[in-house]
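Visitor: quick one, structure for this:
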Amino acid sequence: VRVFYPTDGKELAFEQISSSSFSSKFVFFDKEKNLFPDKNIVWLRFVITNQSSSQEWLLDFGSQYDSATLYILNEHQVKSYTDG
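Guide: Purely as a prediction, here's the structure:
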């Protein structure tokens, strides 16, 4: 399930956006209704399940965004990767 939270240009820390108090602010993504203005910061929350034997994968957000930071959560730690 993909969900998003547009921040209207406000920067939020990962700790804020991932807190339980923000869970209710995420809504279901609808590509017909959810167009984001330029310079808007958008948070996406989704689950990726690897059903193959490969440990390598590629996540492509297309060319709409100047940069993206990916946060990967597991039961022990949070890793972040930034591109752009």
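
Visitor: which stretches of the chain form helices?
Guide: Counting by DSSP state H, residue ranges of the helices within the chain are 14-17.

Visitor: for residue 70, give its distance to residue 30.
Guide: Here the distance between residue 70 and residue 30 works out to 22 Å (Cβ to Cβ, to the nearest Å). Glycine gets a C-beta too; all of them are placed from N, C-alpha and C.

Visitor: ok, now which ones touch residue 69?
Guide: Applying Cβ atoms under 8 Å, 6 or more residues apart in numbering to residue 69 gives the contacts 80-83.

Visitor: now, among those residues, which is nearest to residue 16?
Guide: If you rank these by distance to residue 16 using Cβ to Cβ, residue 80 comes first, at 14.5 Å.

Visitor: so who does the closest residue to residue 66 other than its chain neighbours touch?
Guide: Closest residue in space to residue 66, ignoring its immediate chain neighbours: residue 84 at 5.4 Å, by Cβ to Cβ, 6 or more residues apart in numbering. Contacts for residue 84 were tallied using Cβ under 8 Å, 6+ apart; they are 65-68.

Visitor: swap in 7 Å and give it another go.
Guide: 66-68 (Cβ atoms under 7 Å, 6 or more residues apart in numbering).

Visitor: redo those residues as TSV? Include neighbour count and pLDDT.
Guide: Written out in TSV, the entries for these read as follows (neighbours: other Cβ atoms under 10 Å; pLDDT from 0 to 100):
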residue	neighbour count	pLDDT
66	9	76
67	8	79
68	15	83
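
Visitor: these in strands, which ones?
Guide: Per DSSP state E, strands hold the following members of the contacts of residue 84: residue 68.

Visitor: just the contacts of residue 84 now: which is nearest residue 45?
Guide: For residue 45, the closest of the contacts of residue 84 turns out to be residue 68, at 13.8 Å, with distances computed as Cβ to Cβ.
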